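Engineer: Would you be able to build a 3D model of this:
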Amino acid sequence: MLNLRRLPTNRGGKPKSLTVLRLKLALAEKQAMWEKEKDQRASEARERQWEIEKKRLEIQSRVNASVVSRGAKPEVHHVLPKINGDDDVLTFFYTFERAMQLNCVEKADWPRYFPAQYQG
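Structural biologist: So this is what the prediction gives:
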């Protein structure tokens, strides 16, 4: 059994090691709280960036709405990414989607452009 009377004490009569442990615990809790707040701020910043990007695309689509046509747009083919068998599929689809959105191609027409971009 630990005899608390023999341990060095501080002014409050508590052992110094116990006080140090409590201070370390409080510091660890504060650091964890700061990390959580930092992660939350980063998440909120990413969300704001996403909202800005969506609004920018929405505005751009309204500006270009008069130019959009239902038929195939041959001028879009030169800006679309090409995919080979060993390329990163997620990067390809992300780039493909961005190119289609920026050129105001309706989603219903996207499949018309896809087969020409695959080089299996």
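Engineer: The residue nearest to the spatial centre of the chain: what secondary structure?
Structural biologist: The residue lying closest to the centre of the chain (CA atoms, centre = their mean) is residue 46, at 5.6 Å. Secondary structure, DSSP: H, G, I helix; E, B strand; the rest coil: residue 46 is helix.
Engineer: Find me the pLDDT at it, would you?
Structural biologist: Note on residue 46: pLDDT of 92.
Engineer: and if you look at the one 5 residues further on?
Structural biologist: Predicted confidence (pLDDT) for residue 51: 92.
Engineer: any idea how far residue 101 lies from residue 85?
Structural biologist: When distance is defined by CB to CB, to the nearest Å, residue 101 is 26 Å away from residue 85. For the C-beta atoms, the positions are set from N, CA and C on the backbone; glycine is no exception.
Engineer: Who has more neighbours out of those two?
Structural biologist: Neighbour count, other CB atoms under 10 Å: between residue 101 and residue 85, residue 101 has more, with 14 against 7.
Engineer: from memory the more buried one sits against residue 56, does it?
Structural biologist: No. With contact defined as CB atoms under 8 Å, residue 101 does not count as touching residue 56 (10.4 Å).
Engineer: that older thread, for residue 57, see how far away the residue nearest to the centre of the chain is.
Structural biologist: Counting by CB to CB - residue 46 and residue 57 are separated by 17 Å.
Engineer: Kindly report the same for residue 85.
Structural biologist: In terms of CB to CB, residue 85 sits 31 Å off from residue 57.
Engineer: any idea which helix or strand of this protein has the worst average confidence?
Structural biologist: Lowest mean confidence among the helices and strands of the chain (mean pLDDT, DSSP states H and E): strand 118-119, at a mean of 58.
Engineer: The closest residue to residue 83 other than its chain neighbours and residue 105: what is the separation?
Structural biologist: Excluding its sequence neighbours, the residue lying closest to residue 83 (CB to CB, 6 or more residues apart in numbering) is residue 92, at 4.4 Å. Per CB to CB, residue 92 is found 16 Å from residue 105.
Engineer: Low-confidence ranges, the protein, go.
Structural biologist: By pLDDT under 70, the low-scoring segments of the chain are 1-15, 64-74, 115-120.
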